[in-house]
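J.: pasting a predicted model and its sequence here:
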Amino acid sequence: MRIAKRILLAASLFAVPVGFTQNKLFEEGLKITFKNDSVHYIRASILSQFWTRYNHNNPGSLLNGTEQEHVADFGIRRLRFSVQGQVTKSTFFYTQAGLNNLNSISARKSGLFIHDVTVDQQLYKNIIVIGGGLHGYNGTSRFSSSGVASILGMDLPVVMESTNDVTDQFGRKYGVYLKGEVSKLNYRMSISKPFPVQNSLNFIVPLSPTAINQAAFSTRAPQMNYAGYFFWQFMEKETTKTPYMSGSYLGKKRIINLGAGAQYQKNAMWYRSAGLDTVSVPLFQLGVDIFVDYALNPDKKNAVTAYAAYMNYQFGPDYIRNAGVFNVANGVGPNSTFNGAGNAFPLIGTGHVFYSQFAYKFKDQLLGKQGTLQPYFIHSHAKYQALASPVQVFNIGLNWLIAGQNSKLSLDYQSRPVFNQTATGILADPSLRRGQVVLQYQLSI
């Protein structure tokens, strides 16, 4: 009898009379409401992003010891499972698990890991909300906390995730946060305990006696990280139940936001002075940005999306970090460059970053039942202290919105610089620029 009751209970969870249409399922996922209202609910969702890619490798790149100038590959960029719910009128929880960056050179049978586990409690309406857990309430800029299901381009603006997987877990830290909305001002502030750099998958070795005035992340016990981001909403307001900000609303809203943020961590960095003393310095970042997502015709839902940001990164003297997103190579030979293997380039460093993106979404059903199109252009210009040339990265692409963000095919071309160590410094060689073409399919339910 008990077994029969359990079977009936399990079956009822999949037979809840929510009356999904296909679009409803896409937009809300599997949603179960309680008490016959829309206030109390639990909702589950799934996201997958699959890449087909061609990459013109950096000079000297090796794949399992074999030099390869060009690589074509396939892989899973992201797979996410999330559950969130409003369990009382004032209590909200959010959890997310998944995996990232799986291809033929990844470790086999890679396991899922926890991305987010947070609980919020409203203290006073939506004006004062406190919460804690493993969270992504970061500072500096809007897309320091990007919503992966609504990215404007093919991938996240990773230049804004300045400590990704060094002192955090894919942009998340354990901590507490305060957030809310006062009139048109939306705010978020957090105090978090960073992960030790020794736990990073790409552990940063201790300082070398020969590396003079060149900062690195300290291997000493990390101190608290303080972060905040504030934005003024001139037109429609955004929903910020979770930390993650939308890249495009696809003609559903008219939004103009002006934001500013910061991040600080005492003694996060260190370097050796000319006298070989070890000097500790803080990590400090400032950012300002503007986000415009404007429906030109609310009925046709054609829209423009534009974003511009300036970030001032202070990691200590000459700090530079090279990275290749979902890298296709795993070694370098004698003919390598400063960039390193595969698709890597100088991504983060002490200095200034200017980032911009622009897109135009055509009207809904431009292609009939096959959806519509959204071409975009992205530019990142970084002037880092350690480099004698700026880092100029360009992306141009096209989103085929088959069913909005829920079923989307993105074609992206990226052009990146290649740097070499010379007698006058680390310079970009214009003749060595490299490119990458990615076709991504996204399914989000």
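T.: Looks like it arrived, so ask away.

J.: can you show me the CA trace of stretch 304-319 as PDB?
T.: Taking C-alpha atoms only, stretch 304-319 is exported to PDB below (Å, rounded to 0.1, in the frame of the first residue of the first chain):
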ATOM      1  CA  VAL A 304      17.700  47.500 -30.800                       C
ATOM      2  CA  THR A 305      20.100  46.400 -28.000                       C
ATOM      3  CA  ALA A 306      23.200  48.400 -27.100                       C
ATOM      4  CA  TYR A 307      25.600  48.200 -24.200                       C
ATOM      5  CA  ALA A 308      28.800  50.100 -23.400                       C
ATOM      6  CA  ALA A 309      31.100  49.700 -20.300                       C
ATOM      7  CA  TYR A 310      34.300  51.000 -18.900                       C
ATOM      8  CA  MET A 311      36.200  49.100 -16.300                       C
ATOM      9  CA  ASN A 312      39.300  50.100 -14.300                       C
ATOM     10  CA  TYR A 313      41.100  47.000 -13.100                       C
ATOM     11  CA  GLN A 314      43.800  47.300 -10.400                       C
ATOM     12  CA  PHE A 315      45.500  43.900  -9.600                       C
ATOM     13  CA  GLY A 316      48.900  45.300  -8.800                       C
ATOM     14  CA  PRO A 317      51.900  46.100 -11.100                       C
ATOM     15  CA  ASP A 318      51.900  44.400 -14.500                       C
ATOM     16  CA  TYR A 319      49.400  41.700 -13.700                       C
END
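
J.: quick one: average confidence on that stretch?
T.: Averaged across stretch 304-319, the pLDDT comes to 98.

J.: which parts of the stretch 51-200 of the chain are helices?
T.: With DSSP state H, counting those that start in this stretch, there are no helices along the stretch 51-200 of the chain.

J.: tell me where it has strands.
T.: Using DSSP state E, counting those that start in this stretch, the strands of the stretch 51-200 of the chain run over 61-63, 66-67, 70-86, 91-103, 113-124, 128-135, 173-182, 185-193.

J.: any idea which of those strands is most buried?
T.: strand 61-63 (a mean of 22; mean count of other Cβ atoms under 10 Å). In this view, the C-beta of every residue, glycine as well, is placed from N, C-alpha and C.

J.: touching stretch 95-114 from outside, list them.
T.: Outside stretch 95-114, the residues that touch it by Cβ atoms under 8 Å, 6 or more residues apart in numbering are 47, 51, 63-64, 73-84, 115-118, 134, 169-170, 326, 328, 330.

J.: the strands of the stretch 51-200 of the chain into TSV, with extra columns for mean pLDDT and distance to Ser150?
T.: Shown next, in TSV, are the strands of the stretch 51-200 of the chain (pLDDT from 0 to 100; distance: least, Cβ to Cβ, whole Å):
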stretch	mean pLDDT	distance to Ser150
strand 61-63	96	33
strand 66-67	95	39
strand 70-86	96	13
strand 91-103	96	15
strand 113-124	97	16
strand 128-135	98	19
strand 173-182	98	19
strand 185-193	98	17
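
J.: could I get the buried residue list for the helix or strand harbouring Tyr360?
T.: According to DSSP states H and E, Tyr360 maps onto strand 351-361. The neighbour-count check on strand 351-361 (16 or more other Cβ atoms under 10 Å) flags Gly351, Val353, Tyr355, Ser356, Gln357, Phe358, Ala359, Lys361 as buried.

J.: avg pLDDT for that strand?
T.: 99.

J.: so can I have a markdown table of the buried residues of strand 351-361 showing distance to Ile212?
T.: Below are the buried residues of strand 351-361 laid out as a markdown table (distance: Cβ to Cβ, whole Å):
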| residue | distance to Ile212 |
| --- | --- |
| Gly351 | 19 |
| Val353 | 25 |
| Tyr355 | 31 |
| Ser356 | 36 |
| Gln357 | 38 |
| Phe358 | 42 |
| Ala359 | 45 |
| Lys361 | 51 |
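
J.: relative to Arg254, which of those is nearest.
T.: Proximity of those to Arg254 (Cβ to Cβ) peaks at Lys361, which lies at 13.2 Å.

J.: ok, what's across the strand from that closest one?
T.: Ala303 (DSSP bridges).

J.: isn't it up against Leu398?
T.: No - judged on Cβ atoms under 8 Å, Lys361 makes no contact with Leu398 at a distance of 11.2 Å.

J.: give me the common contacts of those two.
T.: Shared contacts of Lys361 and Leu398 (Cβ under 8 Å, 6+ apart): Leu373, Gln374.

J.: select the helix or strand of the chain having the lowest average pLDDT value.
T.: helix 2-13 (a mean of 38; mean pLDDT, DSSP states H and E).

J.: let me have the strands of the stretch 51-200 of the chain in JSON lines, extended by distance to His40.
T.: Formatted as JSON lines, these follow (distance: least, Cβ to Cβ, whole Å):
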{"stretch": "strand 61-63", "distance to His40": "52"}
{"stretch": "strand 66-67", "distance to His40": "57"}
{"stretch": "strand 70-86", "distance to His40": "6"}
{"stretch": "strand 91-103", "distance to His40": "10"}
{"stretch": "strand 113-124", "distance to His40": "14"}
{"stretch": "strand 128-135", "distance to His40": "17"}
{"stretch": "strand 173-182", "distance to His40": "21"}
{"stretch": "strand 185-193", "distance to His40": "24"}
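
J.: for Gly435, which of the ones you listed is the nearest?
T.: strand 70-86 (10.4 Å).

J.: tell me the strands beside that closest one, with direction?
T.: If you go by DSSP bridges, strand 70-86 pairs up with strand 41-56 (antiparallel), strand 91-103 (antiparallel).

J.: can you list those strands in a markdown table and add distance to Ser380?
T.: Formatted as a markdown table, the strands paired with strand 70-86 follow (distance: least, Cβ to Cβ, whole Å):
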| stretch | distance to Ser380 |
| --- | --- |
| strand 41-56 | 18 |
| strand 91-103 | 20 |
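
J.: so which of these is nearest Asn302?
T.: Taking the strands paired with strand 70-86 one by one with Cβ to Cβ, strand 41-56 is closest: 25.4 Å.

J.: so for the closest one, mean pLDDT?
T.: pLDDT averaged over strand 41-56 gives 97.

J.: quick check: buried residues in that strand?
T.: Under 16+ other Cβ under 10 Å, the buried positions of strand 41-56 are Tyr41, Ile42, Ala44, Ser45, Leu47, Ser48, Gln49, Phe50, Trp51, Arg53, Asn55, His56.

J.: thought the fourth one was touching Ile445?
T.: Going back to what we said before, that points to Ser45. Yes - Ser45 is within contact range of Ile445, at 6.0 Å (criterion: Cβ under 8 Å).

J.: would you mind measuring the gap between the ends of stretch 353-372?
T.: The straight-line separation of the ends of stretch 353-372 (Cα to Cα, to the nearest Å) is 33 Å.

J.: what residues does it touch?
T.: Contacts of stretch 353-372 (Cβ under 8 Å, 6+ apart): 152-153, 157, 159-160, 248, 250-251, 297, 300-311, 313, 373-383, 399-404, 407.
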